[in-house]
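Novice: Provided below are the primary sequence and the corresponding predicted coordinates.
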Amino acid sequence: MPKYVPIIGMEIHAELKTKTKMFCTCENGYELRDQPNQNICPICMGHPGMLPVANRQAIDWTILVGLALNCKINRFTKFDRKNYFYPDLPKGYQISQYDLPITYDGNLTIGPKDVAIVRIHLEEDTGNLKHGSTGALVDLSRAGTPLIELVTGPVIDSAKEAKEFCQEYQKILRYLEISEADMEKGQMRCEANVSMQLEGRFAVDGNEVKPLLDTVLNPKVELKNINSFRALERAIEYEIKRQTKAIEAGEPLVQETRGWDENTQSTFSQRVKETAADYRYFPEPDLPPLEISEALINELKATLPELPQAKLRRFVSEYQFDPEVASIIVEDKNLAAYTEKVLSEMITWLVALPETEGTEEEIMSKDGKKLSKLVGNWLVTHLFKHLNETKTAISNCPVTPENFAEFLTLIYTSKVNNTSAQEILNEMFKTSTNPTEIMSTKNLGQTSDTGELEAVIEKIVAANPKAVEDFKAGKEASFKFLVGMAMRETKGKANPAIINDLLLNKLK
Ligand code: ZN
Ligand code: MN
């Protein structure tokens, strides 16, 4: 049986969050509105005789995203008209870019592979149609929103790789602060071209797949209307199975656009695909071509922030974070900044405290792993829970990095145990109070006083003769039960390690 492999290329549209639209001074329409047609003018409504003026910010940001993805920048670039008729596009054409996109020929590393980026061009978004029982309504709020379209080479070979590419691209757009890239809101739209081809019988050239020898390529399917990463992955997986089955059964496949049906978890045919010739592209006569200077490119390059993959590597090497935890933290630039502030504050605390010795570097090299584990655990498991439950962004977190660092220091130096720490964090999240104050007003400090704890052990052992007997007969669970009783007696404030030692001694 000949082997067929998936060939996947992505086309990703993302709306830029500039103040104004692409070719007029209307307020940008990337945020969904309650009221339709509030931010429109004769230009974005496509009235005849109106002249567009290109948005400088949108051009700069397209160059910036190109630089972030190792793309080349076209020093001479222009806009073109893409002609097609649909009521959400009142001009009868979309201003886009055809043969000279602002940026081209880049790549993004996904796992072991450099995924080739063929181009990223700038265009305008269309309006929305709302279909009702009496007909369709047109909302042009979104028409004219700056839109960048990224095209990858047909070099992706699994649904998972396609999903990871889109996730990494979304992260980059957010790090650059040029798009919210929320798929559910349509701010980022991922389309996948999927076909199955005979292994070894094709070659990839730019964004084209070419047949080798006398091979006839199978047609590709364009997957559209996908509004989550999960749906994207599932839709591609479904297509791979559907196409493979059809080929093996000798059934014909057609080049078409298919949508994703969330209810049936399957793709369905929407329409037969247009080719570039149908669009009759020609240069936009109302906009002058653009010359992009070396100086502008250098200026923009200097503003590039540390990108997510570099930050991830640094969090692992510099702070010794577990890669899995680090990848959760760098997901959000603000969260990563918060974490770094916590760590640096915490080290300042540790250097200052008498019970921890050494300089910043010494503490980091000796206990870095332990520190990052503590920070990661309390951040990802506990602080996240509070943030999620109250739908709070990390930038509005009521627990300041300073207070969180002080809190972690209390745990690190055994001043509070786990149970009390959770109670302190609850209170910090509610009131923004500093943890030491909460610890003393609520009397939550950990008891490590051996004398005091010995008395507790005496009491517990005397009150639970059966458990003591069972333990001596070899029942391990009884020991845990006695520890639990002792912890309860101290209202959870005892240092559990000391309780363990004392109890073990007592029962020997
Ligand atoms: Zn307008
Ligand atoms: Mn497009």
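Specialist: Perfect, I can see it now. Ligands and ions are numbered 1, 2, ... in the order given.

Novice: The residue in the stretch 151-300 of the chain that ligand 1 sits nearest to is in what secondary structure piece?
Specialist: Residue nearest to ligand 1 within the stretch 151-300 of the chain: residue 286 (14.4 Å; C-beta to the ion). Yep, even glycine has a C-beta here, placed from its N, CA and C like the rest. Using DSSP states H and E, residue 286 falls within no helix or strand.

Novice: now do residue 237
Specialist: Secondary-structure assignment from DSSP H and E places residue 237 in helix 229-248.

Novice: picking that back up, pretty sure the residue of the stretch 151-300 of the chain closest to ligand 1 contacts residue 51?
Specialist: Yes. Using C-beta atoms under 8 Å, residue 286 is in contact with residue 51, at 5.5 Å.

Novice: These two: which has the busier surroundings?
Specialist: Using other C-beta atoms under 10 Å, the more surrounded residue of residue 286 and residue 51 is residue 286, with 12 against 9.

Novice: which residues sit in contact with the more buried one?
Specialist: Counting by C-beta atoms under 8 Å, 6 or more residues apart in numbering, residue 286 touches 51-52.

Novice: what number of residues lie near residue 7?
Specialist: Residue 7 has 21 neighbouring residues, counting by other C-beta under 10 Å.

Novice: Help me confirm that it comes into contact with residue 194.
Specialist: Yes. Taking C-beta under 8 Å as the definition, residue 7 is a contact partner of residue 194 at 7.3 Å.

Novice: residues shared between the contacts of these two?
Specialist: Contact with both residue 7 and residue 194 is made by residues residue 220, according to C-beta under 8 Å, 6+ apart.

Novice: The residue of the stretch 401-508 of the chain found nearest ligand 1 and residue 76, how far apart?
Specialist: In the stretch 401-508 of the chain, the residue that lies nearest ligand 1 is residue 401 (42.0 Å; C-beta to the ion). Look at residue 401 and residue 76: by C-beta to C-beta, to the nearest Å, they are 47 Å apart.

Novice: Those two: who's more crowded?
Specialist: The neighbour count for residue 401 versus residue 76, taken as other C-beta under 10 Å, is higher for residue 401 (19 against 9).

Novice: residue contacts, that one?
Specialist: 338, 341-342, 345.

Novice: Whatever residue of the stretch 301-450 of the chain ends up closest to ligand 1: what's its closest spatial neighbour, skipping adjacent residues?
Specialist: For the stretch 301-450 of the chain, the residue closest to ligand 1 is residue 303, as judged by C-beta to the ion, at 28.0 Å. Leaving aside its sequence neighbours, residue 303 sits nearest to residue 64 (C-beta to C-beta, 6 or more residues apart in numbering; 7.1 Å).

Novice: tell me which element that neighbour is part of?
Specialist: Per DSSP H and E: helix 56-68 holds residue 64.

Novice: So which other helices or strands are in contact with the helix or strand following that helix?
Specialist: Following helix 56-68 in sequence order, the next helix or strand is strand 72-73 (DSSP H and E). For strand 72-73, the packing partners by 3 or more C-beta pairs under 8 Å, 6 or more residues apart in numbering; DSSP states H and E come out as helix 56-68, strand 103-110.

Novice: Select, out of these, the one closest to residue 248.
Specialist: Shortest distance between residue 248 and these, using C-beta to C-beta, is found for strand 103-110: 29.1 Å.

Novice: Mind listing the strands that closest one pairs with, and their directions?
Specialist: If you go by DSSP bridges, strand 103-110 pairs up with strand 72-73 (antiparallel), strand 113-124 (antiparallel).

Novice: how about those in CSV, adding mean neighbour count, mean pLDDT and distance to ligand 1?
Specialist: Output for those, formatted as CSV (neighbours: other C-beta atoms under 10 Å; pLDDT from 0 to 100; distance: least, C-beta to the ion, whole Å):
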stretch, mean neighbour count, mean pLDDT, distance to ligand 1
strand 72-73, 16, 98, 28
strand 113-124, 22, 97, 10
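
Novice: For those strands, could you give me CSV that also reports distance to residue 89?
Specialist: Shown next, in CSV, are these (distance: least, C-beta to C-beta, whole Å):
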stretch, distance to residue 89
strand 72-73, 28
strand 113-124, 9
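
Novice: Is residue 130 within a helix or a strand, and which one?
Specialist: Assigned by DSSP H and E, residue 130 falls within strand 128-132.

Novice: now the angle between strand 128-132 and the next helix or strand after that strand, please.
Specialist: Proceeding N to C from strand 128-132, the next assigned helix or strand is strand 135-139, under DSSP H and E. In terms of direction (axes from the mean of the first three to the mean of the last three C-alpha atoms, to 10 degrees), strand 135-139 departs from strand 128-132 by 150 degrees.

Novice: The next helix or strand along the chain from strand 135-139 close to ligand 1?
Specialist: Using DSSP H and E, the helix or strand that follows strand 135-139 in sequence is strand 146-152. No. Contact between strand 146-152 and ligand 1 is absent, the nearest approach being 12.2 Å (criterion: C-beta under 5 Å from the ion).

Novice: Name the residues that touch strand 146-152?
Specialist: 9-16, 18, 21-22, 28, 55, 58, 61-62, 65, 69, 96, 115-125, 165, 169, 179, 207.

Novice: Right, and ligand 1 sits closest to which residue of the stretch 101-250 of the chain?
Specialist: For the stretch 101-250 of the chain, C-beta to the ion, closest residue to ligand 1: residue 144, 5.5 Å.

Novice: What is the burial count for that residue?
Specialist: With neighbours defined by other C-beta under 10 Å, the count for residue 144 comes to 30.

Novice: Now do the strand holding residue 130: which elements does it pack against?
Specialist: strand 135-139.

Novice: ok, residues contacting the strand it packs on?
Specialist: If you take C-beta under 8 Å, 6+ apart as the criterion, strand 135-139 is touched by 36-37, 87-88, 90, 127-130.

Novice: With pLDDT as extra columns, can I get those in a markdown table?
Specialist: Below are these laid out as a markdown table (pLDDT from 0 to 100):
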| residue | pLDDT |
| --- | --- |
| 36 | 92 |
| 37 | 94 |
| 87 | 89 |
| 88 | 92 |
| 90 | 90 |
| 127 | 95 |
| 128 | 92 |
| 129 | 92 |
| 130 | 90 |
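
Novice: what's the farthest-apart pair in those residues?
Specialist: The largest separation in the contacts of strand 135-139, counting by C-beta to C-beta, is between 90 and 130 at 15.4 Å.

Novice: who's more crowded, the two?
Specialist: residue 90 (17 against 11).

Novice: Ramachandran angles for the more buried one?
Specialist: Dihedral angles of residue 90 (phi, psi; degrees, to the nearest 10) stand at phi -70, psi -20.

Novice: what's the distance between residue 429 and residue 349?
Specialist: Between residue 429 and residue 349 the computed distance is 20 Å (C-beta to C-beta).

Novice: Which one of those two is surrounded by more residues?
Specialist: Just comparing residue 429 and residue 349: by other C-beta under 10 Å the higher neighbour count belongs to residue 429, 20 against 17.

Novice: what residues are up against the more buried one?
Specialist: Residue 429 makes contacts with 383, 386, 390, 398-399, as judged by C-beta under 8 Å, 6+ apart.
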